[in-house]
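> Could you work out the structure for the sequence below:
(2 chains)
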Amino acid sequence: MTFRKIFTQHIAEADCHTLEFYQRNGGYKQAREALNGQDPDDLIEQVKAANLRGRGGAGFPTGVKWSFVPKSTDKPKYLVVNADESEPGTFKDRVIMEKNPHLLLEGILICCKAVAIETAYIYIRGEFVFATRRLQQAIDEAYQAGIFGNDSLGSGLKIDVTLHRGAGAYICGEETGMLTSLEGDRGQPKLKPPFPAIEGAFGCPTVVNNVETLANLPYILEIGAEAYRAIGPEKCPGPKLFCISGHVENPGTFELPMGIPLRTLIDDHAGGVWKGRKLKAVIPGGSSAHVLTADECGVAMDIESLAAAGTMLGSAGIIVMDETTCMVDALVNIMRFYHHESCGQCTPCREGTGWLEKIVHRIAHGEGRMEDLDLVLEVCDRMVGKTICALADAAAFPAQSIVTKFQDDFVAAIQNGGSPAWKRRHPSAVGGAASHG
Amino acid sequence: MANNPTNDSAVSMTKWQLNGQEVENHAGMTIMEAAKEHGIEIPCFCYHPGLSIAGNCRICMVESNRSHKPVISCSERIAEGLEIETDSEVAVDARNSVMEFQLINHPLDCPVCDKSGECVLQDHSYAHGPDRSRFVEDKNIRHTKELGPDISIWGNRCIVCTRCVRFCDEISGTSELCIVERGDRSVVDVFPEIPIDNQLAGNTVDICPVGALISHDFKYEARVWNMDRIDSVCGGCSRGCNIEVETLDGFVKRLIPRENLDVNDWWMCDEGRYGWRHLYADDRITQATRDGAEQTDSAATDALEELLSESGPVAFLIDPFLTCEELHLVQGLAASRPGSKVGGWLPADGTAASFPSGFQISAAKYPNRSGAEQVFGDQVFGDDAKQLQKSLLSNGFDTVIAFCGGHQSTGPGDSWTQALANTATRIVFSVMNGPWLEGASLVLPATAPIEKEGTWINEDGRLQRTRSCWNPGTDPFAVELVRLQALQHALGLRGRSLSAAGVFRELAAANTAFSGHNHSDLGSPGLLLSERPAAVASDGGTE
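Numbers count the residues shown, from 1 in each chain, chains lettered A, B, ... in the order given. Here you go, the predicted structure:
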């Protein structure tokens, strides 16, 4: 079977985001069938059989997640769509929401039917102004066409969807942080258990799914679980959006089957490393992932293969760095981000992210000490696995792998009075930097 | 009686392992609570038994056989087969990690910090912290500002445990406090133009584990290790909140609440907390005077005896600040003078308040109305008082002994002041100076609530012991308990003087309402008057 694009097939066409265009190309057919007559348990079983893994970063099997929601409860149930795409290097959900918003809406309908949900919220990243406009337009169209509302798609089911804008915090992309923010509180992750499936938004059972995950659903129903599972590796199948940025000739979002080799993705689809330079390092799954060296880039882009390579698929935000990149500066950049974005709730993350940035920053500015390299790794060890959410881990992973795999860059910065870029900007300070301790 | 597991066979037990030992606890307990029952104290910052679980400080992490990561013992619950290690390498490293992180940006200003000596961070730092810092960077600076009329935040010291924020959300229900900023810039703040000014605000300073929230009232007043502490009861209203009175060189410096789940949980109101300044006010009566002339303590007692030995029936005007023991002594005097009458005055009601957590402030701004009613009957502030006032106004008595406790500037009020003025021989025990003392034959200094030794009965009928904040032997004047017994002795009514506990024994023997109770069984938390101590409850008196 040849690979068929489902998210980006029509994105070059001018009116691809409209309801008219979507329906002309077979849109809402799967949702209509699902809502009118399909058994909810069958839907969950199909998604389980398709082995659909969450596309938000953790890769949890979607059907299994749905089955955790209690069947009989006197509380309302919610679907909260995680559209707070804020992992550095990631811009896949944005493409769906801007170019193919009805695909997401159709996925929402199918999920709502499967889990017997009446209310869905889409928590969209505040900075996505255009995507917000497009998605709201699509929601309005869908309501007018009777796709949502009290008699959704003529099924007699009441399904509503509300678009909710975030206010610019990375932590609100963490599922429980997103839920607290949606509830109107300061966006901070909650203690688990209870898990959202039992006690999520407003204390009610809640499914939290990523945009891309839900956008897979119509296709699974269309071609069946078996055919879907045949796309890419069995344990982690399906079409996948890969975002490539950094030092490549042709950066962008690429839709390809799961499991494509990283090197192929960079060379054949993104036009290779730019300016004819050599590859130095790749972050394969958003800045929270362990970095890969050029030699490690033969790895296949799926959850299992990347885990075996000691990193993760994450959000599939691939950041390519060429041979001229100073990894000290790259790490300063990443650490500044996590320091800025730590919600401040748990001690190890609140204090650790700031500490890491200060150390790495000092190394880049020519005031590093050799013992700082061990210190960075020890601080990382003290952060990992000790907090409510995974932000501390997300900050520690790139620090651990970059310092370990590119130690030479750090040693050079310590011995030569700073990173090359810093020295270029501060020629007079070279060699004259005060040293600590 | 939520904490009393007696005869509750319905509670199932859970077997689990703590540091390799098989142990048993009530099902559903958290690891931290359960471990405490076995004598293992797991450190905490953000956990407070009166607040919701935040799980943010992470110091209480322990090793679990159910998780590849250390778990927080404040929120994880015990379960069959759970194995917890509190002192394994993993647990110790987790704890030490948190201590290192807590300390990197924390200022080393313990020498000038009011919390020093009772600081949770300081204590844990000694136990679990590193002895030197690996942090060579600049420390973060956060704001220092007033959050309200009584409280300031020293932001640099804040460890963002959110206890104070949760207190305002959950206990006072006023939600003035919040955390602003993110990451290591996070700090406690108020919303613009909305200061923290609720009636329970002072508790936030108590529960702050570090010196981030500072009470203006106590700032730079004393080093906490130099102060003496005594378990006492607040006399500010009829709730009878359990408190600790802290003194330096005999002077009160601070009142803080003391845990009593049957009365005040862990809290007290600001009115009670800051309501002690009148003890040292200029118009405090500390010296006895006879017809305006100052008297020594013994001369004053002699004068009291002299005035009373010549008298016929005596009018006694009591107040609701007197302890049960003092009231018992008054009753003895009244009984010895046939034709005597007893009535009581009550201060005007204040404002009652109740809070989402169940904490209450009573409108009755005095501690022992119930005790007086138990001793003198339930009309002592009602018909008895009316009759007494009437007969005083119609010159029915030659001699009156009046007790004017409390610090209200109105004293017993205009009508009582007038009634007292009608009596030829007027003996007044008073805390404060005021018009009710004008023309009095004998003015005797009286103790304010936290200076008393004895018992009060709060509005729930709970008999509680209050203790004097004065250091033993340093009483600035003869207290009522002593003076009234000296008088009884001089009048031939008593052999020897007793302590408050001894007087209480007499009361318990004389008055069936008190029988079975004694000071030592009351202990610090007190007992309902209807609830006899177990040893004496041969009639099955525990309901």
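
> Give the pairing partners of whichever strand in chain A runs longest; include direction for each.
The strand that spans the most residues within chain A, counting by DSSP state E, is strand A:239-246. Strands flanking strand A:239-246 in the sheet, each with its direction: strand A:252-257 (antiparallel), strand A:317-322 (parallel) (DSSP bridges).

> and that strand, which residues are buried?
Within strand A:239-246, the residues that qualify as buried by neighbour count (16 or more other CB atoms under 10 Å in any protein chain shown) are A:Pro239, A:Lys240, A:Leu241, A:Phe242, A:Cys243, A:Ile244, A:Ser245, A:Gly246. C-betas here are computed from N, CA, C, even on glycine.

> Next: stretch A:132-139.
In terms of neighbour count (16+ other CB under 10 Å), stretch A:132-139 has its buried residues at A:Thr132, A:Arg134, A:Leu135, A:Ala138, A:Ile139.

> follow-up on the earlier one: tabulate the buried residues of strand A:239-246 (a markdown table), appending distance to A:Thr353 and pLDDT.
Formatted as a markdown table, the entries for the buried residues of strand A:239-246 read as follows, by distance: CB to CB, whole Å; pLDDT from 0 to 100:
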| residue | distance to A:Thr353 | pLDDT |
| --- | --- | --- |
| A:Pro239 | 35 | 97 |
| A:Lys240 | 30 | 98 |
| A:Leu241 | 29 | 98 |
| A:Phe242 | 28 | 98 |
| A:Cys243 | 24 | 98 |
| A:Ile244 | 27 | 98 |
| A:Ser245 | 23 | 98 |
| A:Gly246 | 23 | 97 |
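
> sorry, back to before: can you list the residues that contact the longest strand of chain A?
A:3-8, A:55, A:89-92, A:95-96, A:212, A:216, A:219, A:231-232, A:251-258, A:260, A:265-266, A:269-270, A:301, A:315-322 (CB atoms under 8 Å, 6 or more residues apart in numbering or on different chains).

> separation between the residue in the stretch 151-300 of chain A that chain B sits nearest to and B:Pro445?
Nearest to chain B in the stretch 151-300 of chain A, going by CB to the nearest CB, is A:Leu191, at a distance of 4.6 Å. Spatial separation of A:Leu191 from B:Pro445 under the definition CB to CB, to the nearest Å is 56 Å.

> do B:Asp123 as well
Using CB to CB, one gets 41 Å for the distance from B:Asp123 to B:Pro445.

> ditto for B:Gly523
With distances defined as CB to CB, the gap from B:Gly523 to B:Pro445 amounts to 30 Å.

> before we move on, back to that, so B:Asp123 and B:Pro445 - more neighbours on which side?
Regarding B:Asp123 and B:Pro445, a neighbour count based on other CB atoms under 10 Å in any protein chain shown identifies B:Pro445 as having more, with 21 against 14.

> Please state the backbone phi and psi of the more buried one?
Dihedral angles phi and psi of B:Pro445 (degrees, to the nearest 10) take the values phi -70, psi 140.

> how about the strands of the stretch 201-350 of chain A, start to end?
Read by DSSP state E, counting those that start in this stretch, the stretch 201-350 of chain A holds these strands, from start to end of the chain: A:206-210, A:239-246, A:252-257, A:279-283, A:292-293, A:317-322.

> B:Pro367: which of these is closest?
With CB to CB as the measure, strand A:206-210 is the member of those nearest B:Pro367 (50.3 Å).

> Quick check: mean pLDDT of the closest one?
pLDDT averaged over strand A:206-210 equals 98, rounded to a whole number.

> Report the distance from it to the chain centre.
Strand A:206-210 has its C-alpha centroid displaced from the chain centroid by 13 Å (CA atoms, centre = their mean, to the nearest Å).

> so what does it touch, helix or strand wise?
Taking 3 or more CB pairs under 8 Å, 6 or more residues apart in numbering or on different chains; DSSP states H and E as contact, the helices and strands that strand A:206-210 lies on are helix A:62-67, strand A:78-83, helix A:101-115, helix A:175-182.

> so it versus helix A:175-182, what angle?
Angle of strand A:206-210 versus helix A:175-182, following axes from the mean of the first three to the mean of the last three CA atoms, to 10 degrees, is 110 degrees.

> Can you list the strands that strand A:206-210 pairs with?
Taking DSSP bridges as the criterion, strand A:206-210 sits next to strand A:78-83 (parallel) in its sheet.

> Using JSON lines, please lay out the strands of the stretch 201-350 of chain A together with distance to B:Pro338.
Shown next, in JSON lines, are the strands of the stretch 201-350 of chain A (distance: least, CB to CB, whole Å):
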{"stretch": "strand A:206-210", "distance to B:Pro338": "79"}
{"stretch": "strand A:239-246", "distance to B:Pro338": "101"}
{"stretch": "strand A:252-257", "distance to B:Pro338": "103"}
{"stretch": "strand A:279-283", "distance to B:Pro338": "99"}
{"stretch": "strand A:292-293", "distance to B:Pro338": "103"}
{"stretch": "strand A:317-322", "distance to B:Pro338": "97"}
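
> ok, which stretches of the stretch 151-300 of chain B are helices?
Under the criterion DSSP state H, counting those that start in this stretch, the stretch 151-300 of chain B carries helices at the ranges B:163-166, B:202-207, B:270-273, B:297-309.

> Distance to B:Ala486, mean pLDDT and mean neighbour count added to these, as JSON lines?
What follows is the helices of the stretch 151-300 of chain B, written out as JSON lines (distance: least, CB to CB, whole Å; pLDDT from 0 to 100; neighbours: other CB atoms under 10 Å in any protein chain shown):
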{"stretch": "helix B:163-166", "distance to B:Ala486": "49", "mean pLDDT": "98", "mean neighbour count": "24"}
{"stretch": "helix B:202-207", "distance to B:Ala486": "39", "mean pLDDT": "98", "mean neighbour count": "25"}
{"stretch": "helix B:270-273", "distance to B:Ala486": "32", "mean pLDDT": "96", "mean neighbour count": "23"}
{"stretch": "helix B:297-309", "distance to B:Ala486": "5", "mean pLDDT": "93", "mean neighbour count": "17"}
